[in-house]
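Participant: here are the coordinates; sequence isn't available:
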């Protein structure tokens, strides 16, 4: 008889698939433990992906900062979007 397992498949932006599986025993507590372990594996892999993308974005951003004011203009645009609209006064 084949051992029971839980699987997760993550599809990356570049189209690659990564499959993770964890064997589980019988019973609800064993299934819960296997799902928890699978969640940890997937979270770890996603954290590594996010860190590598941030590193790439940081190096690309460093290139933009060398070009002058373009990067600061973008940052100012982001900050202005977060500000609340100015209150309008009634005119008579």
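Facilitator: Now that the structure is in, tell me what you want to look at. None of these values were measured; they are calculated from a predicted model.
Participant: name the element residue 6 belongs to?
Facilitator: Counting by DSSP states H and E, the element that carries residue 6 is strand 5-11.
Participant: same for that strand, what does it pack against?
Facilitator: Identification of packing neighbours for strand 5-11 by 3 or more Cβ pairs under 8 Å, 6 or more residues apart in numbering; DSSP states H and E yields strand 17-23, helix 28-66. To be clear about C-beta, it is placed using only N, CA and C from the backbone, and glycine gets the same treatment.
Participant: tell me the pLDDT at the closest residue to residue 38 other than its chain neighbours?
Facilitator: Nearest residue to residue 38 in three dimensions, chain neighbours excluded: residue 22, at 4.8 Å (Cβ to Cβ, 6 or more residues apart in numbering). Residue 22 is assigned a predicted lDDT (pLDDT) of 90.
Participant: What of residue 41?
Facilitator: For residue 41, the model assigns a pLDDT of 91.
Participant: contacting residues for it?
Facilitator: Neighbour list for residue 41: 8, 20, 22 [criterion: Cβ atoms under 8 Å, 6 or more residues apart in numbering].
Participant: redo that, cut-off 7 Å
Facilitator: residue 20 (Cβ atoms under 7 Å, 6 or more residues apart in numbering).
Participant: Next one: it from residue 56, what distance?
Facilitator: 23 Å (Cβ to Cβ, to the nearest Å).
Participant: neighbouring contacts of stretch 49-57?
Facilitator: By Cβ under 7 Å, 6+ apart, stretch 49-57 touches no other residue.
Participant: To clarify, my last question referred to stretch 6-25.
Facilitator: For stretch 6-25, using Cβ under 7 Å, 6+ apart, the contacting residues are 3, 4, 5, 30, 31, 34, 35, 37, 38, 41, 42, 45.
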